[in-house]
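# following is a predicted model, sequence given first.
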Amino acid sequence: MKPDYDTFKEEIENLFRKELVIYFDTVDYANHLTDGSDELNELYYLRHRVETITRIRMTAALDALALSKMLPLDYEAARKWAKYTLQEMNHDKMFMGDLKRHGVSEDQVFGMEPLPATVEMGTFLEDKIVNWSPLAAVAYSLFVEWNSDQYSEQTVDRAEVKYSSSHVKGARAHVNFDVNEDHLEIMFGVAHSLLTSEQQMQQLLETCQVISKLFRDYFQQLHQNTVVENKRLSAA
Ligand SMILES: [Fe+2]
């Protein structure tokens, strides 16, 4: 039997909270985007925004794959999922607008190789969607929506202090969009509807842990590729 909705939500959120502790304990620069007391590092911040667009476009394809697997299993959940993913597909435009304000062009964004952890995330999710369940794509969305709920606004505030409100227009609109559309709650609903057993619940939690680990790898690589690499170049 699968857990009831409240227990399900609690188990997922408990896991996400534990994963956050590991993130803050192990990743360099972990709190830099949200509450670092030092000045916001421009390279780190802009590269993160570029990668956000790359991830949106990458997961749009995975979300469509998940939709095709979800339709025969649970048409009502698939309907909600389709609406959600269609909205997410447009969010690259919001971040692109901000990057243009910083002088970063579309060609530059799409010409940049994704970090290895982003590529690995794509491979992992595709394999899980095909060989396990479309729940893998929902797990990714749950993870990003939950963490975005906790931290995105602080990141936007911090960038606005350093730059201006026009530099974060898209990111600010994105935060408001997620809240107004209640994306997190919709994802909890879709995931719970698809869930069929306690065993699948355990597999879902394990999938969330891998997603979380790949995000830790991503932030470590982001730090390495911007802050560390820049220091090395200026010393050389
Ligand atoms: Fe969202």
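Okay, I see it. Owing to the predicted nature of the structure, the values given are computational and were not obtained by experimental measurement.

# please count neighbours and contacts with C-alpha atoms only from this point.
OK.

# go ahead and flag the most central residue of the chain.
Nearest to the geometric centre of the chain sits residue 144, at 3.6 Å (CA atoms, centre = their mean).

# list the buried residues for the helix or strand harbouring that residue?
Per DSSP states H and E, residue 144 falls inside helix 135-162. Under the neighbour-count criterion of 16 or more other CA atoms under 10 Å, helix 135-162 has 135-146, 148-149, 151-153, 155-160 buried.

# helix or strand next in line after it, which one?
Next in sequence after helix 135-162, counting helices and strands by DSSP H and E, comes helix 169-181.

# quick check: angle from that next one to helix 135-162?
130 degrees (axes from the mean of the first three to the mean of the last three CA atoms, to 10 degrees).

# would you mark the buried spots in helix 169-181?
169-172, 174-175, 178.

# could I get these as a markdown table with distance to residue 82 and pLDDT?
Putting the buried residues of helix 169-181 into a markdown table (distance: CA to CA, whole Å; pLDDT from 0 to 100) gives the following:
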| residue | distance to residue 82 | pLDDT |
| --- | --- | --- |
| 169 | 26 | 94 |
| 170 | 23 | 94 |
| 171 | 23 | 93 |
| 172 | 24 | 94 |
| 174 | 18 | 93 |
| 175 | 20 | 91 |
| 178 | 16 | 86 |
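
# now do the helices in the protein.
5-26, 42-70, 75-89, 91-101, 106-111, 116-131, 135-162, 169-181, 183-194, 198-223, 229-235 (DSSP state H).

# who wins for proximity to residue 35 among those helices?
Nearest to residue 35 among the helices of the chain is helix 135-162 (7.3 Å), distances taken as CA to CA.

# could you check the angle helix 183-194 makes with that closest one?
Using the same axes, to 10 degrees: helix 135-162 against helix 183-194 is 170 degrees.

# now helix 135-162, how far from the centre of its chain.
6 Å (CA atoms, centre = their mean, to the nearest Å).

# just the buried residues of helix 169-181 now: which is nearest residue 43?
residue 171 (17.0 Å).

# now the closest one: how far from residue 216?
22 Å (CA to CA, to the nearest Å).

# again with residue 66
As judged by CA to CA, residue 66 and residue 216 stand 24 Å apart.

# likewise residue 232?
As for residue 232, its distance to residue 216 is 22 Å (criterion: CA to CA).

# so for those two, which sits in the more crowded spot?
More crowded of residue 232 and residue 216, by other CA atoms under 10 Å: residue 216, with 22 against 10.

# mind listing what the more buried one touches?
By CA atoms under 8 Å, 6 or more residues apart in numbering, the contact list for residue 216 reads 23, 27.
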